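A.B. asks: sequence? don't have it. structure:
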Ligand SMILES: O=c1[nH]c(=O)n([C@H]2C[C@H](O)[C@@H](COP(=O)(O)O)O2)cc1CO
């Protein structure tokens, strides 16, 4: 029994998580992204940790990384490599919407979109309406529910 638990544990720690959050769409939720990324790191490695960085402004990485094509190509590559995609979708962002759309077409990926109704916003129909109860999940939440929601999401993955 013990031996069979080892591979399970190590594959879980190697799970690749793509986190999406607004950058040029606006950085108002950056601190929350940081909390989310910290939580996600309990479940696997987060490929896009930079999205949560306090040093990243709404200009994005341009100053440090090079050009937009490099950012785009690197991110699409990470998206392809990832096992799951978790997105904070409250702050509207073209980039996040694009990432989710691309991920939907990458057949096996499971996606979780987190939306805070307390923002007073109404989530885009193109995200809310993509919910299928299986691969593409949309969860309305408040910040204090974050840990529970992620725990439920990742334990549902193990059951698959
Ligand atoms: O500098 C960047 N680096 C980067 O990784 N992205 C990706 C990751 C984010 O989940 C998403 C944010 O898109 P936007 O900048 O349109 O809000 O796009 C986006 C930018 C800037 O658009």
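C.D. replies: Thanks, I have it. Keep in mind it's a predicted model, so treat the numbers as computed, not measured.
A.B. asks: so how far is residue 31 from the residue of the chain found nearest the ligand?
C.D. replies: Going by CB to the nearest ligand atom, the ligand is nearest to residue 95 of the chain, at 1.9 Å. Every residue, glycine included, has its C-beta placed from N, CA and C. For residue 95, the distance to residue 31 equals 19 Å [CB to CB, to the nearest Å].
A.B. asks: comparing these two, which residue is more hemmed in?
C.D. replies: Neighbour count, other CB atoms under 10 Å: between residue 95 and residue 31, residue 95 has more, with 18 against 12.
A.B. asks: buried stuff in the helix or strand that one falls within?
C.D. replies: Residue 95 is part of helix 94-104, with elements assigned from DSSP states H and E. Using 16 or more other CB atoms under 10 Å as the test for burial, helix 94-104 gives 95, 96, 97, 99, 100, 103.
A.B. asks: please name the nearest non-neighbouring residue to the fifth one.
C.D. replies: With sequence-adjacent residues excluded and distances taken as CB to CB, 6 or more residues apart in numbering, residue 100 is closest to residue 87, at 5.9 Å.
A.B. asks: tell me the SS of that neighbour?
C.D. replies: Using DSSP: H, G, I helix; E, B strand; the rest coil, the secondary structure recorded for residue 87 is strand.
A.B. asks: and it, how many residues sit next to it?
C.D. replies: Counted with other CB under 10 Å, residue 87 comes out at 25.
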